[in-house]
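Chemist: Please work out how this folds:
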Amino acid sequence: MNHEFDAYPTQGAKLGAIRDRDHMQIRHMHEELRASIVGGAGMQRVLRCSEDLIRATLLHFESEERAMDEGPLSTQVAHQELHAEMIETLEDISKGLEQRKISGAMALLKFFDGRLAYHLAAEDAD
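Modeler: Here you go, the predicted model:
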């Protein structure tokens, strides 16, 4: 399954709805990546799933930040700082993904299982 992503329009959309939609999509893509690795789907498939998961996560951060523009500034800034830290990690994973082969995808799974899963479940919760 190939995914196409566009930044979601947030004008008039509620933050909770954006989070629900994005979180469900990201979790689904994480499971696709895990299944590709465990099932021996081949490196091309693993790389495609990894790239899709990274892209969806980055687009989620963008959509969420746009939707947060209506909230308190201190909350926005703190949340943007959390995103900035995770974006840096995702960029590091992405840079060497093809060269590191399966270890890059495993690093992405580890990041999702730890830091990103916590962000989606706890830090994004209102």
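
Chemist: quick one: pLDDT of the residue nearest to the spatial centre of the chain?
Modeler: In the chain, the C-alpha nearest the mean C-alpha coordinate belongs to T57, at 2.1 Å (CA atoms, centre = their mean). For T57, the model assigns a pLDDT of 92.

Chemist: From what I see, it and E91 are in contact.
Modeler: No. In this structure, T57 sits apart from E91 without contact. The criterion is CB atoms under 8 Å, and the distance is 11.2 Å. Bear in mind the C-beta positions are built from the backbone N, C-alpha and C, glycine included.

Chemist: what about the residue nearest to the centre of the chain, distance to G42?
Modeler: In this structure, T57 and G42 are 23 Å apart, going by CB to CB, to the nearest Å.

Chemist: next one: A17
Modeler: Applying CB to CB, one obtains 36 Å for the distance of A17 from G42.

Chemist: Which residue is the nearest non-sequential neighbour of L15?
Modeler: The spatially closest residue to L15, leaving aside those adjacent along the chain, is A67, at 4.5 Å (CB to CB, 6 or more residues apart in numbering).

Chemist: Name the helix or strand for the one you found, please.
Modeler: In this structure, A67 is located in helix 43-68 according to DSSP states H and E.

Chemist: which is the next helix or strand following that helix?
Modeler: Helices and strands here follow DSSP H and E; after helix 43-68, the next one along the chain is helix 73-95.

Chemist: Please put the alpha-carbon coordinates of that next one into CSV.
Modeler: Extracted C-alpha coordinates of helix 73-95, given in CSV (Å, rounded to 0.1, in the frame of the first residue of the first chain):
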residue,chain,number,x,y,z
LEU,A,73,1.1,31.1,23.3
SER,A,74,3.0,29.3,26.1
THR,A,75,1.4,26.0,25.2
GLN,A,76,2.2,26.5,21.5
VAL,A,77,5.9,27.3,22.2
ALA,A,78,6.4,24.4,24.5
HIS,A,79,4.7,22.0,22.1
GLN,A,80,6.7,23.3,19.1
GLU,A,81,9.9,22.7,21.1
LEU,A,82,8.9,19.1,21.7
HIS,A,83,8.3,18.8,17.9
ALA,A,84,11.6,20.4,17.1
GLU,A,85,13.5,17.8,19.2
MET,A,86,11.7,14.9,17.5
ILE,A,87,12.1,16.4,14.0
GLU,A,88,15.9,16.5,14.6
THR,A,89,15.8,12.8,15.5
LEU,A,90,13.7,11.9,12.5
GLU,A,91,16.0,13.9,10.2
ASP,A,92,19.0,12.0,11.6
ILE,A,93,17.3,8.6,11.0
SER,A,94,16.2,9.7,7.5
LYS,A,95,19.6,10.9,6.4
